[in-house]
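In: Build me a structure from this.
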Amino acid sequence: MPLGIAESQVESVTLLHLKGTLVVGGDVELLDNKVLALLGRGVTKILLDLGELNYVDSSGIGALVRAYSTAKEKTAAVKLYHLTRRVHDVLQVTRLNTVFEIFSDQEKAIASFGEKAASTEPSGQGG
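Out: Residues are numbered from 1 along each chain as shown. Alright, predicted model coming up:
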């Protein structure tokens, strides 16, 4: 099943619900273009819901990494949530689970964007 992407908004976070496969070709291109379009609109908080992603190949993993890297370059963030066992295993084997912020709970994932923003403020460390 080709990749489908549904977009929704929760507070200031844009959720992209991925469904189907994320493999070389049109699927990867679709995700790349979607993320670039969001960043181009000034979106800085993107949460990818991978709960209905049946299969991801190495090109699909590359697309996730590109989304993360491109967002980071633009001082935005891409985080993952609701991973299927298969996708979780692939990220673990590739050790990308140490790169991405991954959540199983949507509320915690959304809250993490606020915590991240708060932690970038200067702290009053004296000494």
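In: Give the next helix or strand downstream of the strand ranked longest in the chain.
Out: In the chain, assigned by DSSP state E, the strand with the most residues is strand 45-56. Reading on from strand 45-56 to the C-terminus, the next helix or strand found by DSSP states H and E is helix 58-73.
In: got the buried residues for stretch 99-111?
Out: By 16 or more other CB atoms under 10 Å, the buried positions in stretch 99-111 come out as Phe100, Glu101, Ile102, Phe103, Gln106, Ala109, Ile110. Backbone N, C-alpha and C define where each C-beta goes, glycine included.
In: Looks like Ala67 contacts Leu47 (just checking).
Out: No - counting by CB atoms under 8 Å, Ala67 does not reach Leu47; the two are 11.2 Å apart.
In: Now for the two: what residues contact both?
Out: Counting by CB atoms under 8 Å, 6 or more residues apart in numbering, the shared contacts of Ala67 and Leu47 are Val78.
In: where does the chain have its least confident helix or strand?
Out: Lowest on mean pLDDT, DSSP states H and E among the helices and strands of the chain sits helix 106-119, with a mean of 76.
In: Any stretches of this structure with poor pLDDT?
Out: Within the chain, the ranges that satisfy pLDDT under 70 run 115-127.
In: rewinding a little: partners of the longest strand of the chain in the sheet?
Out: Its sheet considered, strand 45-56 pairs with strand 13-22 (parallel), strand 77-81 (parallel) by DSSP bridges.
In: buried ones in that strand?
Out: Within strand 45-56, the residues that count as buried by 16+ other CB under 10 Å are Lys45, Ile46, Leu47, Leu48, Asp49, Leu50, Leu53, Val56.
In: Nearest to Val28 among those?
Out: Nearest to Val28, judged by CB to CB, of the buried residues of strand 45-56 is Val56 at 9.7 Å.
In: Please tell me how far the closest one sits from Thr44.
Out: 25 Å (CB to CB, to the nearest Å).
In: Kind regards, and thank you for your time.
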